[in-house]
Structure formats: C-alpha cells, structure tokens
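S.K.: My questions concern the predicted model and sequence given below.
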Amino acid sequence: MSKNLTFNIKSQRLDEHYTPSTNTRITTNFANLARGEHRQSNLRKALNMINNRFNTLANWDNPTADRYSIELEIISVDIALDENSQSFPSIEILKTNIVDNKTNKCIEGIVGNNFSSYVRDYDFSVLLQQHNKDKPQFCIPDNFGELHGKLFQSFVSSNTYKQNFRKPPVICLSVSDNKTYHRTANEHPILGIEYQPNESSLTEQYFKKMGLQVRYFMPANSAAPFALFFFGDLLNDYTNLELISTISTMETFQKIYRPEIYNANATAGKAYKPNLKNADHSLTQIIYDRDERSRLAAEQGKFAEEHFIKPYQSALEQFTTVNI
C-alpha cells in the first residue's frame, strides 16, 4: 500500500490577513491567534516580534537592525492511502522565507518549525487516554507512534516533498517540564548554548519514530533552551540565516504560548527544570486561549479516529509493517 500513498501540498501565507482554512487543526498555534476580535492585531504583533528577533540575531552588516523580514507559509499536507480513498488532512507545518531588504532578494528558509498532526492528536488524546483508563500505573500501548512515524517518513522521502523543499525539515518545540536540562560546554554561534536532558521523554521517543534526532539549544538572550528535531547534521546542513529563521519564529510563538518558560524574567541556569507555574514571567500583548487549545485536542483526535483510523484500519495496520 505504501507505493500507492499520495500526498498533496497546499500553501497559504501567514500574514495579518490570514484566516484559518476549514481543514486547519483549530488548536494549531497560529490558528488560535487568528480568531476573535483581536485576530489581526495578534498576527501583526507576532510577525513584528519575529522580524525584530531575526534582526537581533542576524546582526552582521545590519547596523539599523531592520535588514531582514520573515514571510511565513502554512504548509498543509493531505494524504490518500490509494486511488479509492478520500484524502485526509494529515500534517501541518510552517515554512520560513527570508527577505533581504538591502538586496531585495528572497532567501528560502526552513520548513518544519511548528508541527501539528491529526494522527498525533489521536495518539495522545484518544489512544493513550483509553489505554490508561483503568490501569493503576501509566503505560504506553504497543507500537505507540508507529503509524504516525511511518506516515511522516513517507512524506519526507516522497517525490512530493523533494519537489517542493530543498532540505529536510527542522521542528522546534518547547522543552518538557518533566525533565531537568544540564548546560554543556558546547556553544553554537547562532543556536547558542547546548543543553542535555537527564532522561528521554515520550515526545522524544515519539519523534524518534518519525526518524528525527533531537538536540537542545538556548540562543543568546533567550530565557530557556529549545528542542530542535531534525534529520542529518543540524549544525552543518543549514545556514546561519536558515537557523535564525526557525529560532526567531518559534521563540516568538513560545513566548506567547509558554510565557512561564520562554518569557520568564530569569534565564535558565546550569541545571534547568522548566516550570509552567512560574509566576515570575512577562506576558506579551497577544491574546491566546490555552484552555480552548487543550479541550479541542481531544475533539480533533476523535475526528482522526472517525475519519481516518477506523475507516482504514486494516490498510493502516498493513502499512505499519512495511519498511520505509
């Protein structure tokens, strides 16, 4: 069946006029900002924060700190298992494009950044919850994340991906509040100080099944490290401007969504344990509904179960046994 798997990519610009499409996961970070009476102001302020952060990090040949601007594209990926099945909205990621206002050139950035997936919602908000419903101790179902991982790897290795993107994706997430991160002696000129966690997390294991490695870095003037998931060699496969495009974009979103960690008034020390109850933080002027996001994740997981997991169960079970 994997040979018949097809992907269809749609692109939509994320700017102050953005309105989420009907297939967009409504818990997706940028979709949350783009609803309600403050939607345009939210988006304008967030994009301004991204540009300011980019120019702060890209400070060479940039004396007035306004040389670059970021343009964002929302990449929505629909999947069809064969010619007889309906397509299903599987993955949504962000692509950065860098505008050099000095040379008037547009430089392709990194695809990935933010990552959302209906199947991941199903795994974490439906399957994992059902599996642990009557168990005295939390445990992980057999083959947890196998289907999602193979779908993602199939997409990245597909001709559709290669025709649209020059390089493999990099996904940037928040650190986990269940772990402690220790500062290392390694420092990158853009990504900053590298941290290492005291143990692996369920998210790390889940992304590993997607074929992704992870490293943790805290850029200059950031409050906490970021989890960067990637294929290949993160530090050598991407240019400085490409890496800055990811950091500036995702740090902005994290300051809005996780201000207790990324807009904290104290910077992470040598041993750092994120705290979502940290009261010593500042809020951005951007309105974001975290309670709504948590509630809707379960609804979207059930949507995936009803429209994708159950209707194609036998074919999906067969797919998970095929080597990518």
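M.R.: Received, thanks.
S.K.: Quick check: end-to-end length of stretch 216-225?
M.R.: One end of stretch 216-225 to the other measures 6 Å (Cα to Cα, to the nearest Å).
S.K.: who's in contact with that stretch?
M.R.: Identification of contacts with stretch 216-225 by Cβ atoms under 8 Å, 6 or more residues apart in numbering yields 56-57, 175, 181, 188, 190-197, 226-228, 247, 251, 261-264, 266-268, 272, 274. For glycine as for every other residue, the C-beta is placed from the backbone atoms N, C-alpha and C.
S.K.: in what helix or strand does the nearest residue to Asn8 once chain neighbours are set aside lie?
M.R.: Nearest residue to Asn8, sequence neighbours excluded (Cβ to Cβ, 6 or more residues apart in numbering): Asp78, at 4.5 Å. Per DSSP states H and E: Asp78 is located in strand 68-80.
S.K.: ditto for Lys135
M.R.: Here Lys135 is assigned to no helix or strand, by DSSP H and E.
S.K.: Tell me how many other residues crowd Phe230.
M.R.: Phe230 has 24 neighbours, counted by other Cβ atoms under 10 Å.
S.K.: just Asn42 next, same as before
M.R.: 23.
S.K.: which helices and strands sit right next to the helix or strand containing it?
M.R.: Assigned by DSSP H and E, Asn42 belongs to helix 39-57. Helices and strands touching helix 39-57, by 3 or more Cβ pairs under 8 Å, 6 or more residues apart in numbering; DSSP states H and E, are helix 29-33, strand 68-80, helix 240-257.
S.K.: what about Arg13, is that helix, strand or coil?
M.R.: Look at Arg13: counting by DSSP: H, G, I helix; E, B strand; the rest coil, its state is strand.
S.K.: my read: it touches Leu94, true?
M.R.: No - with contact defined as Cβ atoms under 8 Å, Arg13 does not count as touching Leu94 (11.1 Å).
S.K.: follow-up on the earlier one: list the buried ones in the helix holding Asn42?
M.R.: Buried positions in helix 39-57, judged by neighbour count with 16 or more other Cβ atoms under 10 Å: 39, 42-43, 45-47, 49-51, 53-55, 57.
S.K.: Now do the same contact list for Thr56.
M.R.: 65, 221.
S.K.: now the strands for the chain?
M.R.: With strands called from DSSP state E, the chain shows them at 6-14, 68-80, 88-100, 105-117, 170-174, 181-188, 192-197, 213-218, 226-230, 271-272.
S.K.: how about the ones you listed, which one is nearest Ala315?
M.R.: strand 68-80 (11.2 Å; Cβ to Cβ).
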